[in-house]
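Asker: this one's sequence-less:
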């Protein structure tokens with residue numbers, strides 16, 4: 001689900017993103033079901049939600065939308081919840097089962 005060659009990153013605004021396509025910065029998130037409950041990250045999981053919020057803010061400052069691709073529906077819900085309070089950036093969280101991402 002990454003959008004640059006494995007081991008490479010798309011560097012923008014001091015952050016490494018998983019790619020850039022169709023005018024959007026991309027992040028690919030695989031798994032996470034063991035740390036999600038009720039559509040949110042469990043309370044002891046703090047770095048993942050804060051990281052995605054920081055990435056969204058960087059994307060907004062650069063004038064790009066952020067697209068987050070997750071391999072699970074639970075991941076989609078949790079990342080969407082984490083991004084709810086972020087303003088000033090277009091953001092989209094997309095459930096994309098492995099091998100089903102096209103541009």
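Answerer: Sure thing, it's come through. Only a predicted model underlies this, so the values are computations on that prediction, with no experimental measurement involved.
Asker: burial measure for the closest residue to residue 96 other than its chain neighbours, as a count.
Answerer: Counting by Cβ to Cβ, 6 or more residues apart in numbering, residue 69 is the residue found nearest to residue 96 once chain neighbours are left out, at 4.6 Å. For every residue, glycine as well, the C-beta is placed using N, CA and C. When neighbours are counted by other Cβ atoms under 10 Å, residue 69 registers 24.
Asker: Residue 69 against residue 97, yeah?
Answerer: No. The criterion here is Cβ atoms under 8 Å, and residue 69 misses it with residue 97 at 10.1 Å.
Asker: residues touching the residue nearest in space to the middle of the chain, list them.
Answerer: Taking Cα atoms, centre = their mean, the centroid of the chain lies closest to residue 68, which sits 3.1 Å from it. Taking Cβ atoms under 8 Å, 6 or more residues apart in numbering, we find residue 68 in contact with 26, 27, 28, 29, 52, 79, 83, 91, 92, 93, 94.
Asker: one more time with 10 Å
Answerer: Applying Cβ atoms under 10 Å, 6 or more residues apart in numbering, we find residue 68 in contact with 18, 24-29, 52, 55-56, 75-76, 79-80, 82-83, 91-94, 96.
Asker: Quick one: mark the members of the residues you listed that sit in helices.
Answerer: Among the contacts of residue 68, the ones falling in helices (DSSP state H) are 52, 55, 56, 75, 76, 79, 80, 82, 83.
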